[in-house]
Every structure is written in structure tokens, then in C-alpha cells.
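turn this into a structure:
(one chain, ligands or ions: 2)
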Amino acid sequence: MKADPPRPAASGEPLTLLSVVIPARDEEGCLASTIGHLHSTLELHHIPHEIIVVDDGSTDATWSILQGLSPAMPELHPVQTGEPCGFGCAIRRGLEQMTGDAVVIMMADESDDCRDVPTYWNTLRQGYDCVFGSRFMAGGGTRDYPPLKYVLNRMANAFIRLLFRIKLNDTTNAFKAYRSKVIAGCMPLLSLHFNLTVELPLKAICRGYSWTVVPVTWRNRQTGVAKLKIKEMGSRYFFIVMYIWLEKYFSRGDYKVRPDLRK
Ligand SMILES: Nc1nc2c(ncn2[C@@H]2O[C@H](COP(=O)(O)OP(=O)(O)OP(=O)(O)O)[C@@H](O)[C@H]2O)c(=O)[nH]1
Ligand SMILES: [Mg+2]
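Residues are numbered from 1 along each chain as shown. Ligands and ions are numbered 1, 2, ... in the order given. The predicted structure follows:
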């Protein structure tokens, strides 16, 4: 059977404010630089924005760095979760707080290139509901990707492509852009951990939102430590992928976006 192509853009509503949601745990070494570079890139491109950084459970200076930056940067909104609640949970807190009509989810560790954010914004403005970055297409790339992680990543993405018959080869990367109505249309979100990175794009695709793919670049973190524990996450990824697969093939379209809401 043929693969599902990206769904072309409908004529979307004009966008007025971009929210960038950044989960951060123990990122004192890079957070100020991530926020600073992002903010100046968005200013340079005249993109109205807010930056929501969600810290949960940091034991280093992450929170005090956010407190220090925010008086001079009204666009910055630091959020604390109180009890540590996990990567997916932190992003969901950020999505609840955002006021923009579009959102980019981005990491705090400077792995994602903030220069890709204007590309996301401009592509959303063409009318797409979602814009997915791929590091594995012409124009995209990675630097210092840990070899084991790379192999597991390519296997997981190949599995997802086969299962859903989609032409997207980097579903698992969190760095993606959505119109806010897509986030609302993906409710209820189930993932509390890193599996949210696949729940959002797969649900958006399966529920019928328009999407396209642009090349993005990624480099391994220069400071801090990785929080993704592959052993703990494998079954959670599998759970959410199969959950959405069941929805796609067995729910008879009950959760698909109504065509009048796609405009
Ligand atoms: N708020 C919050 N942020 C988290 C949590 N776990 C990870 N993060 C953040 O999510 C982002 C991605 O986590 P990473 O540790 O970089 O995971 P990774 O990209 O797989 O690992 P690296 O290869 O080291 O980059 C970073 O900005 C982290 O600070 C969490 O439980 N809560
Ligand atoms: Mg990282």
C-alpha cells in the first residue's frame, strides 16, 4: 500500500503570537544561552513571541537563572511544577499556560538550533497546522549523535513509518511546531514522559491536521547530562504508538478533526 503523503495546508487563520515551550531540568550550564539566542533570533525576525520555560525538580541553579532573566525579558515566563512530574508532564504544563496561536516545543540544552524556529513560524503562516522538523533529510543534520541512540532512533522511526504509512522519518524528535488548535485537538494527552514527543505528531496526523516537513539541525549537548533513559522509556513509547495505531484503524474516525474546524 502507498504511504500517506503530508496533508497539504488549508488556508489557516493568520498567526499573531508564537509561544515557545521549553522543558528544563538541571540545565544551569546552558539555559541562559538557549533563551538568549532564541529571544534575539525571534526579535531579529520580528516574530511576536513568549517563551515559557517549565522547570520541574531542578536541584541546580536552573530556577534562579530563570528568575534572574525574567525582569529584563517580559516575553519570558518561568513556570515551576512543584513536585517533579516528568518531561511530558512539564511540556503539558507549558501548553496549558501558553497564550499564542502557535507553539514550538524546543529543548533547553541547545541541541535544537534556534535559527530553525523562524522557519517553523513562516511555514505555519503558509497555512499548515503542523510543521515537523527532520534531521534526516537533505538540508538537515546532526552533530555528535551518540551511536547507540542513533541506531535505536532510526529503528523506532522506521517502525513508526511502517505502522502508520507516513512519509515522516523523524517523528521521535520533540522539536516541532503546531497551531494551538492542533494541541486542543490532540486532547486528552496521555504521555507523562518522553513519549509525548511521538504522541503529539502522530495524533495530529491521524486526526487529520495538515502537516509538512522542513529540515532542522541538532547537536549533542555541550553541558549537563542526558535525562532520557531508554530502558525506562521503550515500553512507554510502544504503548503510546500502539494506542494511536488503534485509534487510527479501529475508532472509525471518531476523533478526527471536523473539516470545518480545519480552516
Ligand atoms: N521540566 C523537565 N524537563 C525535562 C525533564 N527531563 C528532561 N527535561 C528537559 O527536556 C530536554 C530534553 O532532555 P535531554 O536530557 O536533553 O534528553 P535527550 O535530548 O534525549 O538527551 P541528550 O542526548 O543528552 O540531549 C532538556 O531540555 C531537559 O532539560 C523533566 O523531567 N522535567
Ligand atoms: Mg537533549
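
where in the stretch 151-263 of the chain is pLDDT low?
Filtered on pLDDT under 70, the stretch 151-263 of the chain yields the residue ranges 226-230, 260-263.

hey, where'd the strands end up in it?
With strands called from DSSP state E, counting those that start in this stretch, the stretch 151-263 of the chain shows them at 176-179, 211-215, 217-219.

mean neighbour count and distance to Phe238 added to the ones you listed, as JSON lines?
Bear in mind the C-beta positions are built from the backbone N, C-alpha and C, glycine included. Listed next are these as JSON lines, based on neighbours: other Cβ atoms under 10 Å; distance: least, Cβ to Cβ, whole Å:
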{"stretch": "strand 176-179", "mean neighbour count": "26", "distance to Phe238": "21"}
{"stretch": "strand 211-215", "mean neighbour count": "19", "distance to Phe238": "23"}
{"stretch": "strand 217-219", "mean neighbour count": "18", "distance to Phe238": "23"}
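
in CSV: those strands, plus distance to ligand 2.
As requested, these are exported to CSV (distance: least, Cβ to the ion, whole Å):
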stretch, distance to ligand 2
strand 176-179, 15
strand 211-215, 19
strand 217-219, 8
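
got TSV for those, with distance to Val225 too?
Formatted as TSV, the strands of the stretch 151-263 of the chain follow (distance: least, Cβ to Cβ, whole Å):
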stretch	distance to Val225
strand 176-179	24
strand 211-215	28
strand 217-219	16
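
can you check which of these gets nearest to Gly140?
strand 211-215 (3.5 Å; Cβ to Cβ).

now do that closest one: which elements does it pack against?
On a contact count with 3 or more Cβ pairs under 8 Å, 6 or more residues apart in numbering; DSSP states H and E, strand 211-215 meets helix 116-125, strand 130-134, helix 196-206.

deepest of those, which one?
Sort the helices and strands packed on strand 211-215 by mean neighbour count, taking mean count of other Cβ atoms under 10 Å, and strand 130-134 sits at the top with a mean of 25.

what about the closest residue in space to Pro78 that isn't next to it in sequence, distance to ligand 2?
Spatially, and ignoring its direct neighbours in sequence, Pro78 is nearest to Leu66 (3.7 Å; Cβ to Cβ, 6 or more residues apart in numbering). Noted for Leu66: a distance of 18 Å to ligand 2, by Cβ to the ion, to the nearest Å.
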